[in-house]
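Q: Need coordinates for the below:
(one chain, ligands or ions: 2)
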Amino acid sequence: MSTHIDAPQDAIADVVLLPGDPLRAQYIAEHYFDNPVRYNTVRNAFGYTGTYKGRRISVQATGMGIPSISIYITELMQDYGVKTLIRVGTTGALSADVHVRDVVIAQGSSTDSSIILNTFGAGLYFAPLADFGLLHTAADLAVAKNLSYHVGNVLGEDRFYNDELDRQKLIDYGILAAEMETPALYLLAAKYHRKALSILTVSNHIMTGEETTAEERQTSFHDMMELALDVALES
Ligand SMILES: O=P(O)(O)O[C@H]1O[C@H](CO)[C@@H](O)[C@H]1O
Ligand SMILES: O=c1cc[nH]c(=O)[nH]1
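A: Numbering: from 1, shown residues only. Ligands and ions are numbered 1, 2, ... in the order given. Modelled structure (predicted):
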C-alpha cells in the first residue's frame, strides 16, 4: 500500500494504462479485461487489474494535470515496481493537420510547467521523450489497424484555460496537440528508468472549436484503447 493507492504489493501488473478519468479506468476494466478486480478507490482514483488476451494488465486513473499524475506514477513505480506506463488520454488538436477523432502518439512533450526547471535548475531544458520501443510498436500497430494517427511533439500544459499562451507560435514550431500530463510521465519514467508512452485521442480542435459527439468519442476512444492494449501486450 502507498499513500494514495490502497492495494497489496502484488495487486498491480507490471504494465499499467493511465487515463485521467476514473470512469475511463472503470470502462477499460469492464469492457476489455477478463476478471477485473478493483484494487483502489482512494479519492475515487479507481485502479483495476485483469487480463487482456491472457496478459495481466492494470489500469489506474491519474486525475488531471502534472501534480496529480506525478503522485500516481511515482507510487506505481516506487512502491509497486511498475515497469511500463501507457497513458490513454484525451487531447485538444492545435495543428490544422490533426482532426477530431484522430490518434496522437506523443513522441515528446513540450511544457510550460516548472517541473523541468524544478528538476534540473535554470539553463538546462530537459526534453521529455517517449520510450522508443513502445513508440515504434504503437506506430507500427496504428498502420496495421489503418488508424488516422500522428506521431510528434505535444504540449503538456499546466492550465486547461490559458488565454496568455501563444498557441499559434507552438503550431508554427510543429506542436500537434495539447494535454496536461505527458511531460511528467516522460520525465518521471526517465528518473525511474521505466518505459512510458502517451497515446491520445483528439476530443476537440482548440483552434477551430470543433468537438466530437459523445458517440464519436466512444469510437475514437476504442481506437486509442485497443491500440494501447495491443502495445501493452508487446511490452
Ligand atoms: O482525458 P484525460 O486523460 O483526463 O486528459 C485530458 O483531459 C483533461 C482536461 O479535460 C486533462 O487531464 C487532459 O490532459
Ligand atoms: O488538455 C486538453 C485536453 C483535451 N482538450 C483540450 O483542449 N485540452
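Q: List the buried residues in the lengthiest helix in the chain.
A: Scanning the chain for the longest helix, with DSSP state H as the assignment, gives helix 214-233. By 16 or more other CB atoms under 10 Å, the buried positions in helix 214-233 come out as Arg217, Ser220, Phe221, Asp223, Met224, Met225, Leu227, Ala228, Leu229, Asp230, Val231, Ala232. C-beta: built from backbone N, CA, C; applies to glycine.
Q: how near is the spatially most central residue of the chain to Ala25?
A: The centroid of the chain falls nearest to Arg87 when counting by CA atoms, centre = their mean (2.2 Å). Taken as CB to CB, to the nearest Å, the spacing of Arg87 relative to Ala25 amounts to 12 Å.
Q: Quick check: neighbours shared by the two?
A: Shared contacts of Arg87 and Ala25 (CB atoms under 8 Å, 6 or more residues apart in numbering): Leu17, Pro19.
Q: Can you name every helix or strand that the strand or helix carrying Ile105 contacts?
A: Assigned by DSSP states H and E, Ile105 belongs to strand 103-111. In this structure, strand 103-111 makes packing contacts with helix 132-144, strand 149-156, helix 182-191, strand 195-205, helix 214-233, judged by 3 or more CB pairs under 8 Å, 6 or more residues apart in numbering; DSSP states H and E.
Q: What residues of the helix or strand just after it count as buried?
A: Heading C-terminal from strand 103-111, the first helix or strand you meet, by DSSP H and E, is helix 115-120. By neighbour count on 16+ other CB under 10 Å, the buried set for helix 115-120 is Ile115, Ile116.
Q: Check which helices and strands helix 115-120 sits against.
A: Using 3+ CB pairs under 8 Å, 6+ apart, helix 115-120 sits against helix 182-191.
Q: if we go to 10 Å?
A: Here helix 115-120 touches helix 66-78, helix 182-191, going by 3 or more CB pairs under 10 Å, 6 or more residues apart in numbering; DSSP states H and E.
Q: I'd like the helices and strands packed on strand 103-111 laid out as TSV, including mean pLDDT.
A: Below are these laid out as TSV (pLDDT from 0 to 100):
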stretch	mean pLDDT
helix 132-144	98
strand 149-156	98
helix 182-191	98
strand 195-205	97
helix 214-233	86
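Q: just so I know, which of the ones you listed lies nearest ligand 2?
A: Ligand 2 sits nearest to strand 195-205 of all the helices and strands packed on strand 103-111, at 5.1 Å, using CB to the nearest ligand atom.
Q: For whichever residue of the chain sits closest to ligand 2, list the residues it contacts.
A: Here the chain gets closest to ligand 2 at one residue, Gly92, 2.3 Å apart by CB to the nearest ligand atom. Each residue near Gly92 by CB atoms under 10 Å, 6 or more residues apart in numbering is listed here: 98, 100, 154-155, 157, 160, 167, 177-180, 200, 202-207, 211.
Q: Please repeat the previous calculation with a cut-off of 7 Å.
A: By CB atoms under 7 Å, 6 or more residues apart in numbering, the contact set of Gly92 is Ala177, Ala178, Ser203, Asn204, His205, Ile206.
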